[in-house]
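[1] Sequence first, predicted coordinates after that:
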Amino acid sequence: MNAKPLPREVEHTISTYRPQLPAQHWNTVAHFTRTVVTAARPANRPIALKMLNLVSRLAVWAWQTAGVDLTIASVMRQSVIDRFVTDVHRHSNASTRSRAATVLAHVSAVVTGDERPVTKVKYAESLGAPYLPSDEAWLRGWPDKQSTAGRRRNAHGVLGLCRGAGLTRHEVELVRVSDVHLSDATPHALVRGARPRIAPINPAWANHLELVMATAGAAGDFLLAPASTAARRSLMSEITSRLDAHGPRPHRLRSTWIVEWLQLAPAPYVLTIAGLSTFQAFDRHLPYVTFGLPTEAGEQ
């Protein structure tokens with residue numbers, strides 16, 4: 001039996017919808033967005049607009065940031081929706097994140113024909129969650145999306161210092177060329193700021209810093225801002241929040257590093273190398289240690 005036609009105002013809303021996105025972005029995701037929202041069968045114009053807004057933003061993020069193919073099977077998965085809401089709505093309040101997730105989960109259930117998926121994320125607590133093992137490919141590919149050699153260099157530096165050595169965003173802004181030691185038996189970075197320490201660099205991520213050090217200037221230069229005479233507090237935002245190549249969250253990279261170390265070494269040692277003061281600071285990381293990093297196993 002054929003489905004009942006959509007209300008005329010809903011069809012018109014979908015066919016004429018134009019979000020506040022760069023033209024090339026909308027041209028890439030327009031067909032996907034309209035197809036998905038049409039298949040979701042919104043009951044009225046306000047619901048259609050809400051779906052169009054969220055699905056179009058999800059599609060741009062999936063295509064540009066996450067490197068996900070623009071197919072319903074690939075994009076309209078709960079694991080992808082969780083990553084999108086956690087990342088793009090990171091500054092929204094918990095209710096806004098939950099509403100966005102609820103709408104997208106409903107759309108996913110309708111267009112895939114599956115039962116409504118159950119999220120593994122508590123959106124009020126998800127901002128510090130470590131990245132998934134399946135995120136590694138897009139993390140490593142993020143620098144290549146930058147438009148200039150300088151931006152690519154800085155992106156590699158952020159991965160090496162935050163994911164590889166667990167530095168905070170402010171600590172990264174303070175790093176000098178002489179602080180990075182890759183040729184020693186144990187690669188490490190000397191951390192400046194309020195909690196100076198020696199942070200070991202994960203060898204698996206040291207190659208990103210090797211690329212940066214290959215073009216580094218004088219020993220006293222700032223590693224990611226060699227022309228600056230003082231630390232630039234806006235530097236990390238400039239690197240990771242570009243609209244044309246949106247990057248990973250530094251605090252989530254650091255969280256991934258902390259969880260990794262908690263699975264390998266005694267907690268007092270991790271406390272020292274992470275620059276933390278109390279064991280309570282591990283509270284938000286321990287669920288991921290106990291059960292391992294969250295996976296996407298079993299989700300289709």
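    Here it is on my side, so go on.

[2] Next one: the closest residue in space to Ala73 that isn't next to it in sequence, what pLDDT does it get?
    Nearest residue to Ala73, sequence neighbours excluded (C-beta to C-beta, 6 or more residues apart in numbering): Thr112, at 7.2 Å. Heads up, the C-betas are built off the backbone N, CA and C, glycines and all. Predicted confidence (pLDDT) at Thr112: the value is 85.

[3] Likewise for Pro196?
    pLDDT, Pro196: 96.

[4] residue contacts, it?
    Leu190 (C-beta atoms under 8 Å, 6 or more residues apart in numbering).

[5] where along the stretch 101-250 of the chain do the helices fall?
    136-141, 149-158, 169-174, 206-213, 235-240, 250-262 (DSSP state H, counting those that start in this stretch).

[6] rank these by mean pLDDT and give me the bottom one.
    helix 235-240 (a mean of 79).

[7] Are there helices or strands packed against that one, and which ones?
    helix 149-158, helix 169-174 (3 or more C-beta pairs under 8 Å, 6 or more residues apart in numbering; DSSP states H and E).

[8] Compare these and give me the one nearest Pro42.
    Relative to Pro42, the nearest member of the helices and strands packed on helix 235-240 by C-beta to C-beta is helix 149-158, separated by 38.3 Å.

[9] and the angle from the closest one to helix 206-213?
    140 degrees (axes from the mean of the first three to the mean of the last three C-alpha atoms, to 10 degrees).

[10] CA atoms of helix 149-158 as PDB?
    C-alpha atoms of helix 149-158 as PDB (Å, rounded to 0.1, in the frame of the first residue of the first chain):
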ATOM      1  CA  ALA A 149      51.000  24.300   5.100                       C
ATOM      2  CA  GLY A 150      51.100  26.300   8.300                       C
ATOM      3  CA  ARG A 151      47.700  25.200   9.300                       C
ATOM      4  CA  ARG A 152      48.500  21.600   8.500                       C
ATOM      5  CA  ARG A 153      51.600  21.900  10.700                       C
ATOM      6  CA  ASN A 154      49.700  23.300  13.600                       C
ATOM      7  CA  ALA A 155      47.000  20.500  13.300                       C
ATOM      8  CA  HIS A 156      49.800  17.900  13.500                       C
ATOM      9  CA  GLY A 157      51.100  19.700  16.500                       C
ATOM     10  CA  VAL A 158      47.800  19.600  18.300                       C
END
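
[11] Residues in contact with that helix: which ones?
    Counting by C-beta under 8 Å, 6+ apart, 142-144, 146, 172, 208-209, 211-212, 215, 223-224, 235-236, 239-240, 242, 245, 247-248, 250, 253 sit against helix 149-158.

[12] rewinding a little: format the helices of the stretch 101-250 of the chain as a markdown table; extra columns: mean neighbour count.
    As requested, those are exported to a markdown table (neighbours: other C-beta atoms under 10 Å):
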| stretch | mean neighbour count |
| --- | --- |
| helix 136-141 | 14 |
| helix 149-158 | 20 |
| helix 169-174 | 22 |
| helix 206-213 | 19 |
| helix 235-240 | 18 |
| helix 250-262 | 23 |
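
[13] With distance to Met51 as extra columns, can I get those helices in TSV?
    What follows is these, written out as TSV (distance: least, C-beta to C-beta, whole Å):
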stretch	distance to Met51
helix 136-141	25
helix 149-158	33
helix 169-174	34
helix 206-213	38
helix 235-240	29
helix 250-262	28
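
[14] Tell me where the model's unsure across the stretch 1-150 of the chain.
    Along the stretch 1-150 of the chain, the parts satisfying pLDDT under 70 run over 1-3, 90-95, 115-128.

[15] one step back: of all the helices and strands packed on helix 235-240, which lies closest to Ala73?
    Among the helices and strands packed on helix 235-240, the nearest to Ala73 by C-beta to C-beta is helix 149-158 (29.8 Å).
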